[in-house]
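Undergrad: got a structure for you, letters missing:
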Ligand code: ADP
Ligand code: MG
């Protein structure tokens, strides 16, 4: 064919600089675009010759020395007319739209394909060559060369077999891409599940083995065995009924490079009203929720687009791991657009519903298994409930509370089991089973179950449940929040006597402990052996804990109430005792003992406690 020269499109001058600028942060996607073009060309060829025996593949060859990357496929190829039509003219048909969408938007906002796939090569290359031969009858090979994506030359090409080579000469500034490791890394990221075998081939030039005195020995060229980039099938495309447990687990290990097994998974598979395929895994979670991070890979027709696209996947689901493939997602728009897109919203709601279905399904049919998972999944489920009301509505009856006795109960099971033992609809919980063991034991003695709520998220979750659970009058109280459960019925006369004595004790304890913020309360408790307990108002405590977690500068004063037992011998004696050292020491000692049942004493407190104990023992032996 005769030499043909020309300019690609009247708009090219406007668009090339934009491509270069916009995609600055995502330059590596040129590899994805060129490989997926090769896969597309093969798909087209396969459709023309169904049942063919040919071994189809895309090979990416890196020649570090020459500074070249070659993308080779044995797909449909292009005739000169097709190059003219698909590369020279139509290339920018979507470009004007592209321009409209992105002008003014910030550059980090681009997610994926933008219909300029082939031209992304010019982000890194100072020369791009196409060598192509169409399979159509009588087609001649074509060579197309351009240095800037704006002017090109077309001549007769050299390809002898059907298919296409795209050869990039990498520019000086982008030299990092003419590198085996860099290219492998990008291929692994984007092309691991493409629908056609993809290979990486590396051309290495070895230095001559020995110096030869008279004349140079030619360097030997070594070509490494091509390496398959996408050995694993895209399991998410298989019908769920055809996938085995082992396949799901193996896929998880392959994709997330782990030896761990997932707990369970949800296979998403719909064609209508949208095309969505994917597998979401519930990972084993070991550390606390704040530091946990999932990973959800978004694909578009087996081509990787990006990780953790929060516009498509509800944020709380990001704690899961998995793959989502949505071929119809409008990825060539900005992220802010995706956020408000109705289609994306439906997609996201569907994913959430499927995850909720899985949880309720497990709860209803495999309760025991579900209970076993609870420790790992509860922070995720609770977080989801607080973030997404629909999700909460779906799973709220499957939320479990682990008790100190090791059982897992739902809220309604808890409430009905403990009915009559607590005043009102109350859940008693501990945020630290070890430190609060004394208080827990008190409740256990009353036959009341104590829920373990020791995750970071529980602090928020209890408040959330109080106003969202839809249970009238529901409240959560930590084991040290009040002594109501342990109180004994007393007569009106006794009550009045207690009030009078309470004043005496209040003066004594404030003086003996030096704590002016302390509230002292005298009441009759069922267990006569216990002199008293220190309680902290539930709401006030939550408030100051929140402040601590969210790093508030000011410290709220911690208000405690010392509940003294009017039925206890030591307390009774204190009321009657005359003023003096022994009385003060006893009061201080009771206070410390009460404190110790909720928290360990501080260093100086221990010293004081020990020396006071010794003194009291001495007095006892006088
Ligand atoms: P898209 O892939 O979205 O159509 P591209 O810019 O990536 O846009 O490619 C433009 C067109 O060029 C393709 O639609 C195809 O017709 C043609 N093309 C690109 N690469 C190849 C190839 N390796 N083999 C055959 N045709 C190709
Ligand atoms: Mg393309």
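TA: Nice, thanks for sending it over. Since we're looking at a predicted model, the values are computed, not measured. Numbering: from 1, shown residues only. Ligands and ions are numbered 1, 2, ... in the order given.

Undergrad: gap between residue 463 and residue 476?
TA: According to CB to CB, to the nearest Å, residue 463 and residue 476 sit 8 Å apart. Where C-beta positions appear, they are placed from N, C-alpha and C, glycine not excepted.

Undergrad: who has more neighbours, those two?
TA: Neighbour comparison, residue 463 and residue 476: the larger count goes to residue 476, with 20 against 15 (by other CB atoms under 10 Å).

Undergrad: I'd say the more buried one and residue 422 touch.
TA: No: taking contacts as CB atoms under 8 Å, residue 476 lies outside contact range of residue 422: 11.3 Å.

Undergrad: tell me where the stretch 451-600 of the chain has strands.
TA: With DSSP state E, counting those that start in this stretch as the criterion, the stretch 451-600 of the chain has strands at 451-452, 475-478, 519-523, 532-536, 560-565.

Undergrad: for the first one, name the packing helices and strands.
TA: If I follow you right, that is strand 451-452. For strand 451-452, the helices and strands in contact under the criterion 3 or more CB pairs under 8 Å, 6 or more residues apart in numbering; DSSP states H and E are strand 401-402, strand 426-430.

Undergrad: out of those, flag the one nearest ligand 2.
TA: strand 401-402 (51.9 Å; CB to the ion).

Undergrad: each with direction, which strands does the helix or strand following the closest one pair with?
TA: Next in sequence after strand 401-402, counting helices and strands by DSSP states H and E, comes strand 408-409. Applying DSSP bridges, strand 408-409 is found paired with strand 401-402 (antiparallel).

Undergrad: run through who's touching the partner strand.
TA: Residues from elsewhere that reach strand 401-402 (CB atoms under 8 Å, 6 or more residues apart in numbering): 374, 375, 408, 409, 410, 411, 414, 427, 429, 451, 452, 453.

Undergrad: grab the nearest non-local neighbour of the last one.
TA: Same thing as residue 453. Nearest non-adjacent residue to residue 453, counting by CB to CB, 6 or more residues apart in numbering: residue 429, 4.3 Å away.

Undergrad: contact residues of this structure facing ligand 1?
TA: Within reach of ligand 1 by CB under 6 Å from any ligand atom, the chain has these residues: 33, 37-38, 40-41, 73, 75-76, 78, 86-87, 91, 115-118, 164.

Undergrad: which ones among those lie within helices?
TA: Mapping those onto helices (DSSP state H) picks out 33, 37, 38, 40, 41.

Undergrad: name the nearest residue to the first one, ignoring sequence neighbours.
TA: The reference is to residue 33. Nearest-residue entry for residue 33: residue 117, 3.7 Å, with adjacent residues in sequence omitted and distances by CB to CB, 6+ apart.

Undergrad: then the fourth one?
TA: Once its chain neighbours are removed from consideration, residue 40 has its nearest residue in residue 75; the separation is 7.3 Å (CB to CB, 6+ apart).

Undergrad: what about the one you found, how many neighbours?
TA: For residue 75, the number of neighbouring residues by other CB under 10 Å comes to 25.

Undergrad: residues contacting it?
TA: If you count contacts by CB under 8 Å, 6+ apart, residue 75 has them with 38, 39, 40, 41, 42, 43, 44, 45, 56, 162, 163, 164.

Undergrad: done for today, thanks.
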